[in-house]
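Asker: sequence and computational prediction follow.
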Amino acid sequence: MDEVATGTTAGSTTLARLFRERAVSSSGDLAFRHPVGGTGREAWEDVSWEHARALVEPLAAGLTGLGVGPGDRVVILSRTRVDWVLAHLAVLCAGATTVAVHPGGTPRDVARHIDGNGAVVVVAEDADQAETLRRVRGDIRTFRKVVLLDGTFPDHRVMTFEALLAQGEEALVRDPGTITRRVDALRPDAVATVLHPPGADPTTAGERRTHAAWVSEGRAAEGGGEGLRHLSTPLHEHEGHALLAAQLVHGFGVCVDPRGEPGE
């Protein structure tokens with residue numbers, strides 16, 4: 001695997017642009033491997049870079065259809081899983097900022113993280129998280145929609161991941177260039193992530209990192225070689241995002257498995 005030949009220097013591009021370029025230069029290569037199926041019946045599914053782009057860009061278009069604009073905040077409230085990564089890349093390609101919140105926090109702390117960041121959309125793991133958000137809805141002034149990675153929830157403000165994908169696919173038929181324009185307009189000094197690790201004070205701003213900072217860290221990381229890198233660490237912490245940034249630069253595959261198994 002080779003570093004993407006962007007013709008840019010460290011800090012002069014964005015994670016979203018690196019993703020787009022990687023999806024072209026390494027289209028058929030393995031991007032992600034992840035477990036599917038219930039406990040005791042797991043199998044492994046591979047996602048190529050081309051397939052990842054075919055998911056991420058419609059998801060990004062779906063987010064723009066929900067009113068997510070450049071610089072807006074989107075909270076992701078979930079355990080580490082491949083859909084977390086795809087949602088994160090979609091947020092970046094929409095020109096927005098991923099706010100990563102520990103999914104095991106108290107309802108009050110979760111509400112304060114969401115409200116304090118002014119998040120307009122929350123990507124939540126399942127109906128349990130949706131119920132948590134429903135209970136504290138009065139404490140959150142900003143968000144318009146909850147997108148569930150798994151399952152459904154009886155509330156008009158909640159939609160499924162599949163519905164977001166379908167809406168985005170329809171939007172790209174009407175305007176195929178919408179995400180290209182968002183990615184092209186994104187500045188390296190834009191904030192890519194705001195990380196809130198466990199125990200973080202909800203009244204503080206969290207760890208903010210720009211696209212330029214992540215790209216620089218990704219370029220500095222050891223890269224290349226065959227085989228998978230393993231991602232099991234929580235994505236509300238720095239380590240996992242450093243790995244994802246290095247992946248975009250160097251093109252290695254990542255096994256996304258919160259159970260801590262190698263998946264090879």
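Answerer: Perfect, thanks for sending it.

Asker: what is the burial count for residue 134?
Answerer: Neighbourhood size, residue 134 [other CB atoms under 10 Å]: 17. For the C-beta atoms, the positions are set from N, CA and C on the backbone; glycine is no exception.

Asker: moving C-terminal of whichever strand or helix holds it, what's the next helix or strand?
Answerer: Taking DSSP states H and E as the definition, residue 134 sits inside helix 127-135. Proceeding N to C from helix 127-135, the next assigned helix or strand is strand 145-148, under DSSP H and E.

Asker: buried residues in the next helix or strand after that following strand?
Answerer: Counting by DSSP H and E, the next helix or strand C-terminal to strand 145-148 is strand 158-160. Residues of strand 158-160 classed as buried: 158-159 (neighbour count, 16 or more other CB atoms under 10 Å).

Asker: strand partners of strand 158-160, parallel vs antiparallel please.
Answerer: Under the criterion DSSP bridges, strand 158-160 sits next to strand 145-148 (parallel) in its sheet.

Asker: only alpha carbons, please: show the strand it pairs with as PDB.
Answerer: The C-alpha trace of strand 145-148 is given here as PDB (Å, rounded to 0.1, in the frame of the first residue of the first chain):
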ATOM      1  CA  LYS A 145     -33.100  14.200  13.700                       C
ATOM      2  CA  VAL A 146     -31.800  11.000  15.200                       C
ATOM      3  CA  VAL A 147     -30.400   8.300  12.800                       C
ATOM      4  CA  LEU A 148     -30.400   4.800  14.200                       C
END
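
Asker: quick check: mean pLDDT of it?
Answerer: The average pLDDT within strand 145-148 is 97.

Asker: what do you get for stretch 29-46?
Answerer: 86.

Asker: can you give me the end-to-end span of that stretch?
Answerer: Chord length of stretch 29-46, first to last residue, is 10 Å (CA to CA, to the nearest Å).
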